[in-house]
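A.B. asks: Model the structure of this input:
(4 chains)
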Number of protein chains: 4
Amino acid sequence: MEKETVRIENFSDAVFAIAITLLVLDLHVPSSEIIKNGSDLWNYLKEDWASFLAFTLSFFSIFIMWVNHHKIFKQIYTRNTAIMFSNGLILFLASAVSYPTALLARFFDGEASSTVVAIYTGIFVLINLSYNLLWFLASHNRKHLRPEITDLAIRKIRNNYLYGFPTYLIAFGISFEFPKIALLISMLLWIYWAISSGKIDISKS
Amino acid sequence: MEKETVRIENFSDAVFAIAITLLVLDLHVPSSEIIKNGSDLWNYLKEDWASFLAFTLSFFSIFIMWVNHHKIFKQIYTRNTAIMFSNGLILFLASAVSYPTALLARFFDGEASSTVVAIYTGIFVLINLSYNLLWFLASHNRKHLRPEITDLAIRKIRNNYLYGFPTYLIAFGISFEFPKIALLISMLLWIYWAISSGKIDISKS
Amino acid sequence: MEKETVRIENFSDAVFAIAITLLVLDLHVPSSEIIKNGSDLWNYLKEDWASFLAFTLSFFSIFIMWVNHHKIFKQIYTRNTAIMFSNGLILFLASAVSYPTALLARFFDGEASSTVVAIYTGIFVLINLSYNLLWFLASHNRKHLRPEITDLAIRKIRNNYLYGFPTYLIAFGISFEFPKIALLISMLLWIYWAISSGKIDISKS
Amino acid sequence: MEKETVRIENFSDAVFAIAITLLVLDLHVPSSEIIKNGSDLWNYLKEDWASFLAFTLSFFSIFIMWVNHHKIFKQIYTRNTAIMFSNGLILFLASAVSYPTALLARFFDGEASSTVVAIYTGIFVLINLSYNLLWFLASHNRKHLRPEITDLAIRKIRNNYLYGFPTYLIAFGISFEFPKIALLISMLLWIYWAISSGKIDISKS
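C.D. replies: Numbers count the residues shown, from 1 in each chain, chains lettered A, B, ... in the order given. As a prediction, the model looks like this:
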């Protein structure tokens, strides 16, 4: 069976690559009117810490989305319209991440903090749902998958994304009260995805 | 016969991917001077609904353009200068979509509503024409096409784009009087293209 | 002999694709404070004609650069450091085109007209030189070229770029006195490149 | 042994290509209110020389990063999570380069000069470290490398990046006192990398 998803993967790679690289446009260079010397600049950069945090957080979040996309599509050999459009939904959300990131950068350090963290964690709830949807559509009758894949591997991938859902939901839920903890959970989820992405690899052999 | 259009497809994929991802730059982050707390931010986002609508509409429009480009180029094996430049025209229009989108985002909710919807639907009339042109140039003497393609499949693809033309023209025409309905037609055309893109697939076998 | 320039071509394609798509960012959306209704918008768009001209001119200029890059690299099979960096120079200039384009868009219709046309045509003189350099470095001892290429084809490609040089230089020279004619020559050169790009194709067989 | 890093290379190529092309967005077009004629424009461009220097310096720095990435990944055949994420770190830094570049463009010619050169050379210290890390992770037990690679070639690549480290550190260190010399060292390092990138090539055969 020939793999017919190459051009989808290339297109998706490009969208992830652009989305991840555009994030830097939200780091603003201060006007030369307010920066007179080196210590003004250091102060500006220190006060702007939320921008650098948001940039870093979103960069690695999209990077992990791409790693996971990569892993899922290694198992998908053929496509139909539903797979095509659920992949489109993932790309839509990936390209949209930069907007909540910019909101987070500007308002995390202030009164609107819980609102921007709720929006930020909220988009990752949607992203998790869209990965669950893609894997469900690709795997529910096996005919779109790599022929050699085992039932165990299919279930492992499914569970991997299913277990992410309540965690993102919790981060979203507590963001209204404890925005800093909610953001911390999002960061810890990186480690979960980094390790679990390794686990999928092992399950293939 | 070797397929010699690989680098054209890669370049086109990249242009579509960038055009689709740049759309997010039209979502503006409000200044911290007008946003004092969370409810200010929610109100800002609610009033800015036209931006989110325009972003979503254009994202999936370009995504469908890419899906269709993908389908057409699966059938094209060799190229000449005319095919190269009619593809260039498609890419020109795809990369330009972000401008009418930004106009729509800013002026849909106001006096200039019918003007921006006319410009927005107008560019999709041109896009439809450019796809018709590409398919005409590629298919009119068959020598550029995949050797196994049937006459039926060639006609199906041709009709698919031909039938789109009057619909886009109607959306354009009524946009001067009923901009909201014109935009609704553009959204309904997504469903048409999503389903018809499936139909082309079937006709190959 | 294996073609070892695939990743260079992919990277170059991506740079051309991004440079061509970023041009749209120079089309500015007017503020909603100065646009009260549809006719205000039409007037704004009409007065901004130089932006649309500059966008179109630069889009097809970069597109033709890519077509030519494509043609040249079809003949290059191996690379050395000099080829790598002369290709880097082409990409540098391609990515820089958007700046003279933005200058042209803003100042073509005014006092600084001849200055911006000189800068704009000047960058294309440099681009032509960089293509001449790339082809010289790749072809001067044949060992980097596709083994089947004929001497005639090598000379045809060389002459194609050599003849472009005086024309671009003339456009640059007269831009100080007759900026509109200089820009017209740049547009006519598209047709020259479009046709001559076809000629290279023929010379291969 | 099959090379399984193709999609990583494609994704990395795209990130480098976007990062390198976005640099042009830091070249600002002056407002038409302050530019009345051609000589105003020439004066503006002359005063803005630091922007053009920063653009050129960063373009070729990222280009050389890509050339080196290319060379390293020609030797890497399989990947694990650590390689994946150390590559992610390189891409993170590559996409971030545009921010110190924009700072350099705006403040190099003024009081904050040594601060922005320290930030600018500082990011290249981090980039050098991330390349050393990637090569360490890929080469320390050889199983991820191209089977035919010799011990000599592995050591040559390692030394190549190790020797870069003190040089970047010196540039960083003296930037606080002599920012112009520090920047000059960064430019001279281009030549070092350009030549040494050729040396890796030779060591393979």
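
A.B. asks: going forward, measure contacts and count neighbours with C-alpha atoms only.
C.D. replies: Will do.

A.B. asks: tell me, how many neighbours does A:G110 end up with?
C.D. replies: Per other C-alpha atoms under 10 Å in any protein chain shown, the neighbour tally for A:G110 reads 12.

A.B. asks: That one belongs to a helix, doesn't it?
C.D. replies: No. Read with DSSP: H, G, I helix; E, B strand; the rest coil, A:G110 is coil and lies in no helix.

A.B. asks: what about the helices in chain A?
C.D. replies: Remark: helices assigned in chain A by DSSP state H are A:6-22, A:38-47, A:49-75, A:81-96, A:98-107, A:113-139, A:151-175, A:179-204.

A.B. asks: These: which one's closest to C:F55?
C.D. replies: helix A:6-22 (21.4 Å; C-alpha to C-alpha).

A.B. asks: does the closest one come close to chain C?
C.D. replies: No. Using C-alpha under 8 Å from any C-alpha of the partner chain, helix A:6-22 never reaches chain C; the gap is at least 8.9 Å.

A.B. asks: packing partners for that helix?
C.D. replies: helix A:49-75, helix A:81-96, helix B:6-22, helix D:6-22 (3 or more C-alpha pairs under 8 Å, 6 or more residues apart in numbering or on different chains; DSSP states H and E).

A.B. asks: What residues of that helix count as buried?
C.D. replies: Buried residues in helix A:6-22, defined by neighbour count with 16 or more other C-alpha atoms under 10 Å in any protein chain shown: A:8-22.

A.B. asks: for chain A, which spans come out with low pLDDT?
C.D. replies: A:1-2, A:197-205 (pLDDT under 70).

A.B. asks: Columns distance to B:I119 on top of the helices of chain A, output as CSV?
C.D. replies: Listed next are the helices of chain A as CSV, based on distance: least, C-alpha to C-alpha, whole Å:
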stretch, distance to B:I119
helix A:6-22, 26
helix A:38-47, 42
helix A:49-75, 34
helix A:81-96, 24
helix A:98-107, 26
helix A:113-139, 31
helix A:151-175, 39
helix A:179-204, 41
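
A.B. asks: quick one, which of those helices is nearest to B:R146?
C.D. replies: For B:R146, the closest of those is helix A:6-22, at 17.3 Å, according to C-alpha to C-alpha.

A.B. asks: just the CA coordinates of the closest one, formatted as PDB?
C.D. replies: Output of helix A:6-22 as PDB, limited to C-alpha atoms (Å, rounded to 0.1, in the frame of the first residue of the first chain):
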ATOM      1  CA  VAL A   6       2.900  13.000   1.700                       C
ATOM      2  CA  ARG A   7       1.600  16.300   0.300                       C
ATOM      3  CA  ILE A   8      -0.800  16.700   3.400                       C
ATOM      4  CA  GLU A   9       2.200  16.300   5.600                       C
ATOM      5  CA  ASN A  10       4.300  18.700   3.700                       C
ATOM      6  CA  PHE A  11       1.600  21.300   3.800                       C
ATOM      7  CA  SER A  12       1.000  20.800   7.500                       C
ATOM      8  CA  ASP A  13       4.700  21.000   8.200                       C
ATOM      9  CA  ALA A  14       4.800  24.300   6.400                       C
ATOM     10  CA  VAL A  15       1.800  25.700   8.400                       C
ATOM     11  CA  PHE A  16       3.300  24.600  11.700                       C
ATOM     12  CA  ALA A  17       6.700  26.000  10.700                       C
ATOM     13  CA  ILE A  18       5.200  29.400   9.800                       C
ATOM     14  CA  ALA A  19       2.900  29.500  12.900                       C
ATOM     15  CA  ILE A  20       5.900  28.800  15.100                       C
ATOM     16  CA  THR A  21       8.100  31.400  13.500                       C
ATOM     17  CA  LEU A  22       5.500  34.200  13.300                       C
END
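
A.B. asks: Contacts for it, please.
C.D. replies: A:58-59, A:62-63, A:66, A:70, A:73, A:84, A:91, A:94-95, A:97-98, B:10, B:13-14, B:17-18, B:20-21, B:70, D:10-12, D:14-15, D:18-19, D:95 (C-alpha atoms under 8 Å, 6 or more residues apart in numbering or on different chains).

A.B. asks: what's the closest of the helices of chain A to D:D26?
C.D. replies: Nearest of these to D:D26, taken as C-alpha to C-alpha: helix A:6-22 at 13.3 Å.

A.B. asks: returning to what we had before: the helices of chain A: which one's closest to B:L152?
C.D. replies: Evaluated over the helices of chain A, closeness to B:L152 peaks at helix A:81-96, with 21.1 Å, by C-alpha to C-alpha.

A.B. asks: The closest one packs against which elements?
C.D. replies: helix A:6-22, helix A:113-139, helix B:49-75, helix B:179-204.

A.B. asks: Minimum distance to chain B, which residue of chain A gives it?
C.D. replies: Nearest residue of chain A to chain B, counting by C-alpha to the nearest C-alpha: A:A112, 4.1 Å away.

A.B. asks: Tell me, how many residues neighbour that residue?
C.D. replies: Around A:A112 there are 22 residues (other C-alpha under 10 Å).

A.B. asks: just A:D151 next, same as before
C.D. replies: A:D151 has 10 nearby residues by other C-alpha under 10 Å.

A.B. asks: quick one on the thing from earlier: quick one, what contacts the residue of chain A closest to chain B?
C.D. replies: B:I35, B:K36, B:N37, B:G38, B:S39, B:L41.

A.B. asks: thought the second one was touching A:D109?
C.D. replies: Spelled out, it's B:K36. No. Using C-alpha atoms under 8 Å, B:K36 is not in contact with A:D109; the gap is 11.5 Å.

A.B. asks: coming back round to it: burial-wise, tell me which of the helices and strands packed on helix A:81-96 comes out on top.
C.D. replies: Among those, ranked by average contacts under mean count of other C-alpha atoms under 10 Å in any protein chain shown, first place goes to helix A:6-22 (a mean of 24).

A.B. asks: Just want the angle from that helix to helix A:98-107.
C.D. replies: Between helix A:6-22 and helix A:98-107, the angle comes out at 10 degrees (axes from the mean of the first three to the mean of the last three C-alpha atoms, to 10 degrees).

A.B. asks: Pull the distance from helix A:6-22 to the chain's centre.
C.D. replies: Distance, stretch centre to chain centre, for helix A:6-22: 13 Å (C-alpha atoms, centre = their mean, to the nearest Å).

A.B. asks: Next, the angle helix B:49-75 makes with that helix.
C.D. replies: 140 degrees.

A.B. asks: For A:E4, which non-adjacent residue is closest in space?
C.D. replies: Once flanking residues are discounted, A:E4 sits nearest to A:T78: 5.5 Å by C-alpha to C-alpha, 6 or more residues apart in numbering or on different chains.

A.B. asks: residues in contact with that neighbour?
C.D. replies: Applying C-alpha under 8 Å, 6+ apart, the residues near A:T78 are A:K3, A:E4, A:T5, A:K143, A:H144, A:L145.

A.B. asks: quick one: contacts for the fourth one?
C.D. replies: Neighbour list for A:K143: A:T78 [criterion: C-alpha under 8 Å, 6+ apart].

A.B. asks: Contact residues of chain A facing chain D?
C.D. replies: Contacts of chain A with chain D, taken as C-alpha under 8 Å from any C-alpha, map to A:10, A:13-14, A:17-18, A:20-21, A:24, A:27-29, A:32, A:35-39, A:41, A:59-60, A:63, A:70, A:194-195, A:197-198.

A.B. asks: can we see that at 7 Å?
C.D. replies: A:D13, A:A14, A:A17, A:I18, A:T21, A:V24, A:L27, A:V29, A:K36, A:N37, A:G38, A:G198 (C-alpha under 7 Å from any C-alpha of the partner chain).

A.B. asks: Now the two most distant members of the residues you listed.
C.D. replies: Distance extremes for the residues of chain A next to chain D: the farthest pair is A:K36 and A:G198 at 48.8 Å, using C-alpha to C-alpha.
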